[in-house]
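Visitor: What would the 3D arrangement of this be:
(3 chains)
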Amino acid sequence: MPELPEVQTAIDDLTEAGLPGSRIQSADVRRPATVRPLSPEAFAGQVRGLRFGPIRRHGKFIIFTMSHDFTILAHLRMTGQFELSPLSEGTDPHDRLVFFLEDDRLLRFHDTRTFGRLICTRNPGEVLDRLGPDALDPDLTASFFIRKMRSRHRQIKALLLDQGFIAGLGNIYCDEGLFAARINPLRRSDTLDEDEGVRLFEALRTALRTGLANRGTSLGNGETNYISGGRRGENLRALQIYGRDGENCNRCGGRIEKIYIAQRGTHYCPRCQPLQRK
DNA sequence: AATACAGCCTGGACGC
DNA sequence: TGCGTCCAGGCTGTAT
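Guide: Residues are numbered from 1 along each chain as shown, chains lettered A, B, ... in the order given. Modelled structure (predicted):
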């Protein structure tokens, strides 16, 4: 599932493949829900003739800077993928939206589970202003993170998943960061001390940077698996805790447990991440 | 304010 | 092999 590292990998791949500079000849919206609340016709009409500029990111949103002051925001949600391919390659039944580019290429939005969304707007702030700072924003500091965290009274895992708090973290990198910082995911955010706050902040950023260096995490082999630029992410082997319930902890040898927090599977080591501080 | 939960989806894993 | 059931989860909307 795409989180910050996977989204950034997708952006890097599209940029490297030379999407910026290409112009949209037409768009074929094959699943109306993908562009809601616009109708497929309205969306296609808005994007026709627009040229792609630089591609940026905030949290898990891909921000396509377009000509004529337009922005296309894309959210991959669970299974969304962009693929840039020659016109001759054709399309796939799971392509929910296909951009026909003037250079005889296709930009295909492939999304098996259909949760992904594209928004074409002149006012991207309407969507992006609801997000907290990006988790890898160079201006984001540990002290800001800790202050904000302590001002809330929530289970720390639930708070980290809240995109209005910090944008970009999802289930995998949250669990990895909490494990590396040795913090129990059920801890209330206002009970973490300064040292724990710094540890968590650094651990989360390290988990994200490692994921990015490995081109993201691909979990399985199937249709719903994360792929970018035709390649799997290699971060699975770096995971210490996510998906390893029932296995032995690499740090202490204890059994890794799985619980549910905020309706998400949460993996942790009870010995390394005790709820009560020693 | 925080929490819970349904809903959106469908491939894949699993049990029988 | 095939069928049924459950699970995965980012995010929104609604209820408590």
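Visitor: Could you report the neighbour count for the residue lying closest to residue A:87 once chain neighbours are set aside?
Guide: Nearest residue to residue A:87 in three dimensions, chain neighbours excluded: residue A:104, at 4.6 Å (Cβ to Cβ, 6 or more residues apart in numbering). No exception for glycine: its C-beta is placed from N, CA and C like everyone else's. Residues within reach of residue A:104, counting by other Cβ atoms under 10 Å, total 10.
Visitor: How about residue A:175?
Guide: Residue A:175 has 28 nearby residues by other Cβ under 10 Å.
Visitor: So it belongs to a strand, correct?
Guide: No - using DSSP: H, G, I helix; E, B strand; the rest coil, the assignment for residue A:175 is helix, not a strand.
Visitor: wait, what's in contact with it?
Guide: Counting by Cβ atoms under 8 Å, 6 or more residues apart in numbering, residue A:175 makes contact with A:157, A:185, A:241-242, A:266-268.
Visitor: Export the residues you listed to JSON lines and append columns for pLDDT and secondary structure.
Guide: Conversion of the contacts of residue A:175 to JSON lines gives the following (pLDDT from 0 to 100; DSSP: H, G, I helix; E, B strand; the rest coil):
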{"residue": "A:157", "pLDDT": "94", "secondary structure": "helix"}
{"residue": "A:185", "pLDDT": "95", "secondary structure": "coil"}
{"residue": "A:241", "pLDDT": "93", "secondary structure": "coil"}
{"residue": "A:242", "pLDDT": "93", "secondary structure": "coil"}
{"residue": "A:266", "pLDDT": "94", "secondary structure": "strand"}
{"residue": "A:267", "pLDDT": "94", "secondary structure": "strand"}
{"residue": "A:268", "pLDDT": "94", "secondary structure": "strand"}
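Visitor: of all the residues you listed, which comes closest to residue A:86?
Guide: Closest approach between those and residue A:86, by Cβ to Cβ: residue A:242, at 36.1 Å.
Visitor: residue contacts, that closest one?
Guide: A:171-172, A:175-176, A:267.
Visitor: ok, so of the contacts of residue A:175, who is nearest DNA strand C?
Guide: DNA strand C lies nearest to residue A:242 out of the contacts of residue A:175, by Cβ to the nearest atom of the strand, at 7.2 Å.
Visitor: State the distance from that closest one to DNA strand B.
Guide: 16 Å (Cβ to the nearest atom of the strand, to the nearest Å).
Visitor: Against residue A:42, how distant is that residue?
Guide: In this view, residue A:242 and residue A:42 are 40 Å apart by Cβ to Cβ, to the nearest Å.
Visitor: Same question for residue A:65.
Guide: Taking Cβ to Cβ, one finds residue A:65 at 21 Å from residue A:42.
Visitor: Likewise for residue A:57?
Guide: Using Cβ to Cβ, we find residue A:57 at a distance of 26 Å from residue A:42.
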